[in-house]
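[1] here's a sequence, model it:
(2 chains)
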Number of protein chains: 2
Amino acid sequence: MPNPTAAMLVIGDEILSGRTRDANMHYLAGKLTEHGIDLKEVRVVSDDAPAIETAVIALSKSYDHVFTSGGIGPTHDDITADCIARAFDDHIDIRDDARDLLAAHYARQGQEFNAARQRMARIPDHATLIDNPVSIAPGFTLENVHVMAGVPSVFKAMVDSVIPDLTGGAPLQSRSIRIERGEGEIAGPLGQLANKNADLSFGSYPFIQNGIFGANIVIRGTDPARLDAAVQTLSQLFSEDI
Amino acid sequence: MPNPTAAMLVIGDEILSGRTRDANMHYLAGKLTEHGIDLKEVRVVSDDAPAIETAVIALSKSYDHVFTSGGIGPTHDDITADCIARAFDDHIDIRDDARDLLAAHYARQGQEFNAARQRMARIPDHATLIDNPVSIAPGFTLENVHVMAGVPSVFKAMVDSVIPDLTGGAPLQSRSIRIERGEGEIAGPLGQLANKNADLSFGSYPFIQNGIFGANIVIRGTDPARLDAAVQTLSQLFSEDI
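    Next up, the predicted model:
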């Protein structure tokens, strides 16, 4: 049975303007791979309601899971929760369970639970909450979409809350070999090896380092023995350059 | 007149598997912002022909420019050039101009210009070449799609070759203020300020650092005087927390 599939939707003008470097994609990709869910596509869109809704609907139809990052805080530019509700035609308002979590948190901190903070309790009627041990304001899952904060420490905590409960497949494993020879000389033998091992995927990632051209060859698959055999064949072919 | 728009398509299994962290998005985003072209969307897809073709066609129709990264080397997994040709129904084969560049390069290096390396001269008939001062193998522009290598040093060099020739708009400028107060207390005044300044965009990017909750407020627009005025208003509102 093939692994479940996933897409990620990053919501953030700050990434598209080059102000901020996205940090969440790499974390989610690694966690999904470990869990046997194949991340097939990532989209980054701006903090713009039609862009968010169109992307959520398209990704939700095409993949088993969608993970979103960003735009669920208390400020005017945090429009993700409302967009997700609209995308699934669900009603959204301040929900008692989320409000109780936040009210208790701000009471403990001696801070006012004002209108802006109550906005973080806006959760669609049919969503389930995602635990946020870092800053309490919850994420949520609606249909197959998992809605999470953009702040990296909070995003990570939410991913760690969500993923263990999802059905995973066979974890994709990989082996890599660094070959210090130009990709153009590796290409022929590598292509032949890839042809003979259709169950494995062979990626070649060239590098230039201190004037040396080379490539990291990454072999991916779910059967460790098959991976080891392929690594051995490659190592013998390029024994002088490893 | 609104600025020209752009999308980026990153092609790479290695990014989707979490093995590699994308480095090119951030560079391109910064360069486009400087040049007055608005990056509106980024997609990351795997090294899979239908996925690449579908994304290229969709993005090419929706935005003024599309910049792709990855998959134009000599190995079997480098399928981008062929996918772009198919997406635009153009013929592709080894082209004389690209072959001449590469043949001269490998002759200078005393290396064999073998079949795999000749593959890097596969360029669609109606494309124009993009200069690659780092490793010679050219990128290309076909219709409104600029096809570039994934290796960061080569990607950067190609972006620097392409962007100066594109028509830019008003460079988006930004000002940021760091406010050490919870986003929930900034949200109200910030929302009001955003309402009063519809020509500017106000982003709030929360952080948690050494137990301090705060937010970086980023104000974006094309008129420096308007930006400065908005910064001054915000600074006065939160003078104790800056």
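[2] can you give me the helices in chain A?
    For chain A, the helices defined by DSSP state H cover A:13-16, A:24-35, A:49-62, A:80-87, A:96-109, A:115-118, A:152-162, A:183-196, A:224-237.
[3] now the ones you listed as a markdown table including distance to chain B and mean neighbour count?
    The C-beta positions use only the backbone N, C-alpha and C, and glycine is treated the same way. Below are the helices of chain A laid out as a markdown table (distance: least, CB to the nearest CB, whole Å; neighbours: other CB atoms under 10 Å in any protein chain shown):
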| stretch | distance to chain B | mean neighbour count |
| --- | --- | --- |
| helix A:13-16 | 5 | 25 |
| helix A:24-35 | 3 | 21 |
| helix A:49-62 | 7 | 18 |
| helix A:80-87 | 13 | 23 |
| helix A:96-109 | 8 | 14 |
| helix A:115-118 | 3 | 19 |
| helix A:152-162 | 6 | 19 |
| helix A:183-196 | 3 | 19 |
| helix A:224-237 | 13 | 14 |
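[4] in CSV, list the ones you listed along with distance to B:I242 and mean pLDDT.
    Below are these laid out as CSV (distance: least, CB to CB, whole Å; pLDDT from 0 to 100):
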stretch, distance to B:I242, mean pLDDT
helix A:13-16, 20, 92
helix A:24-35, 28, 96
helix A:49-62, 31, 98
helix A:80-87, 28, 98
helix A:96-109, 22, 96
helix A:115-118, 19, 94
helix A:152-162, 23, 96
helix A:183-196, 51, 92
helix A:224-237, 54, 94
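[5] so which of the ones you listed is nearest B:P124?
    Nearest of those to B:P124, taken as CB to CB: helix A:183-196 at 20.8 Å.
[6] packing partners of that closest one?
    Helix A:183-196 is packed against strand A:201-209, strand A:212-221, helix A:224-237, helix B:115-118, with contacts defined by 3 or more CB pairs under 8 Å, 6 or more residues apart in numbering or on different chains; DSSP states H and E.
[7] what's in contact with the last one?
    Just to be clear, that refers to helix B:115-118. Helix B:115-118 has contacts (CB atoms under 8 Å, 6 or more residues apart in numbering or on different chains) with A:183-188, A:191, B:74-75, B:94, B:99, B:102, B:106.
[8] now, which of those residues sits nearest B:V145?
    Ranked by distance to B:V145 (CB to CB), the contacts of helix B:115-118 are led by B:I94 at 20.1 Å.
[9] center of chain A - which residue?
    For chain A, the residue nearest the mean C-alpha position is A:L28 (3.4 Å; CA atoms, centre = their mean).
[10] residue contacts, it?
    Contacts of A:L28 (CB under 8 Å, 6+ apart): A:8, A:39, A:67, A:69, A:155, A:159, B:18.
[11] now those residues as CSV including distance to A:L142?
    Shown next, in CSV, are these (distance: CB to CB, whole Å):
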residue, distance to A:L142
A:M8, 16
A:L39, 20
A:F67, 12
A:S69, 15
A:F155, 18
A:V159, 17
B:G18, 25
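[12] looking at these, spot the one nearest A:A198.
    A:L39 (21.7 Å).
[13] shouldn't that closest one be in contact with A:N3?
    No: counting by CB atoms under 8 Å, A:L39 does not reach A:N3; the two are 10.1 Å apart.
[14] neighbour count for those two, which is higher?
    More neighbours surround A:L39 than the other of A:L39 and A:N3, with 27 against 19 (other CB atoms under 10 Å in any protein chain shown).
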